[in-house]
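here you go, sequence then predicted model.
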Amino acid sequence: MTLNRLVITVVLFAFYCSQVSAQEKATAVCPSLFDGDDVLPISLHFDITTHLRKKSEDYKPGKIVFYFDDEDSIMVDVRCRARGNYRKEKCFFAPLILNFKPDTLFTTDGPLTKVKMVTHCVNSRQYTEYVLEEYLIYKLWELISPYAFRTKLLDINYVDTGKKGKNLQAKGFLIEPMYMMAYRTNTIEVDGEYFKDHEINTMDADRMAFFCYMIGNTDWRIKSGHNVKFIKRFGHRREEVTSIPYDFDHAGLVNTSYAMPAEWASVGSVTERQYIGRCRSNDDNYHTLIDEYLAVEESIYETILNFEELDLKQRKQIYKYITSFYKELHRPKSFIRMLHQECMESY
């Protein structure tokens, strides 16, 4: 997407948001889909039979019902298609794009046109845990950076309109669209894969690298834009870009059965941590970020232990995995020495 198109998108989004009260007279306006940590029940009606068999990128018509509470629900038309090259190939149930065009779903956050849905890969307890653990990672990143995609955990009743009637219940979650997050944070998305070093905000890049080290994630690179989105502040033409991580199913914290370290990593397992942030000539960023992460240590523990969608055993395992990261941070000299040994010479 070009910069001009991005500016137009932001302007249109702002216009739509300013028109929400007027739209209420003609169109139902939903509550925010991303505020709060409560679980949102939905029913999704579409041709699941074909989705399971073909996993194609052709949209299938359907309907979705959002149950905001016992007395407040709304049904809207939606089109669904499979997404995610790796998961389309490996998963029994591929993740989805929900497309509300040509109509638009108006919410208190503004208009919603398309949204990504993370789904269970396989219909089993283990894969349900994977979904919940990946969702939890997004919530942890929200504690660390203001530039984070909000998510909404879902209880999904899938109703198959296809021939076999493969109805099922599963967990999943929505990921806030890029344009909505950009509007909320007064930024714009920047397309690119090969930014020059001086174009990248080093503190934001290192903050993300710390986070990926914490969760055991090597499946990202700034250099190629792999599992990273880029933004900059709106109206600042020469502003450095900020990197935002997403897609965490290959992280050691989740430890899916199919996860592997990235090809540029040297660890033998995803549960082994490796720092693949950019090497720095001084330690200023490192000291600042150590202090930042220590400041939210208790909040991170509370978020993990209070996430009752996972059973206590799983929460304790995740807590133990994260405390091992914090044990390293509490020895800053040793930790920084490790960063210098493992860091990457380029993005």
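Yep, that arrived.

and the strands in this structure?
For the chain, the strands defined by DSSP state E cover 40-46, 60-69, 72-82, 96-99, 105-107, 110-112, 114-118, 151-160, 168-175, 187-189, 228-233, 242-245.

longest single helix anywhere in this protein?
Looking across the chain with DSSP state H, the single longest helix is helix 125-144.

neighbours around Arg334, how many?
To be clear, residue 334 is Ser; Arg isn't right here. 11 (other Cβ atoms under 10 Å). Glycine gets a C-beta too; all of them are placed from N, C-alpha and C.

what lies in contact with stretch 249-262?
Stretch 249-262 is contacted by residues 87, 90, 121, 126, 130, 133-134, 136-137, 212, 215-221, 248, 267-274, 276, 318, 321-322 when judged by Cβ atoms under 8 Å, 6 or more residues apart in numbering.

got a ChimeraX select line for the buried ones in those?
To isolate the buried members of the contacts of stretch 249-262 in ChimeraX, using 16 or more other Cβ atoms under 10 Å:
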select :87,121,130,133,134,136,137,212,215,216,217,218,219,220,221,248,267,270,273,274,276,318,321,322
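
need the strands of the chain in a markdown table (columns: mean pLDDT and mean neighbour count).
As requested, the strands of the chain are exported to a markdown table (pLDDT from 0 to 100; neighbours: other Cβ atoms under 10 Å):
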| stretch | mean pLDDT | mean neighbour count |
| --- | --- | --- |
| strand 40-46 | 96 | 20 |
| strand 60-69 | 94 | 16 |
| strand 72-82 | 92 | 17 |
| strand 96-99 | 96 | 20 |
| strand 105-107 | 92 | 22 |
| strand 110-112 | 92 | 23 |
| strand 114-118 | 96 | 20 |
| strand 151-160 | 97 | 20 |
| strand 168-175 | 96 | 18 |
| strand 187-189 | 94 | 23 |
| strand 228-233 | 94 | 20 |
| strand 242-245 | 96 | 24 |
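
can I get stretch 141-149 in CSV? Just the C-alpha atoms.
Presented in CSV, the C-alpha positions along stretch 141-149 are these (Å, rounded to 0.1, in the frame of the first residue of the first chain):
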residue,chain,number,x,y,z
TRP,A,141,2.9,-7.6,24.5
GLU,A,142,0.1,-5.1,25.3
LEU,A,143,1.7,-4.7,28.8
ILE,A,144,5.0,-3.8,27.2
SER,A,145,4.3,-1.6,24.2
PRO,A,146,1.5,0.8,23.3
TYR,A,147,1.9,-0.4,19.7
ALA,A,148,0.2,-3.7,20.0
PHE,A,149,-2.7,-5.4,18.2
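
now do the buried residues in it.
By neighbour count on 16+ other Cβ under 10 Å, the buried set for stretch 141-149 is Trp141, Leu143, Ile144, Ser145, Tyr147, Ala148, Phe149.

cool, and stretch 247-266?
Neighbour-count burial for stretch 247-266, counted by 16+ other Cβ under 10 Å, picks out 247-256, 259, 261-262, 265.

also stretch 84-92?
Quick answer for stretch 84-92 (16+ other Cβ under 10 Å): Gly84, Arg87, Cys91.

identify the residues contacting the longest helix of the chain?
For helix 125-144, the external contacting residues (Cβ under 8 Å, 6+ apart) are 37, 118-121, 148-151, 153, 170-173, 175, 207, 211, 215, 245-246, 248-249, 251, 253-254, 256-257, 292-293, 296, 299-300, 303-304, 307, 309-310, 314, 318.
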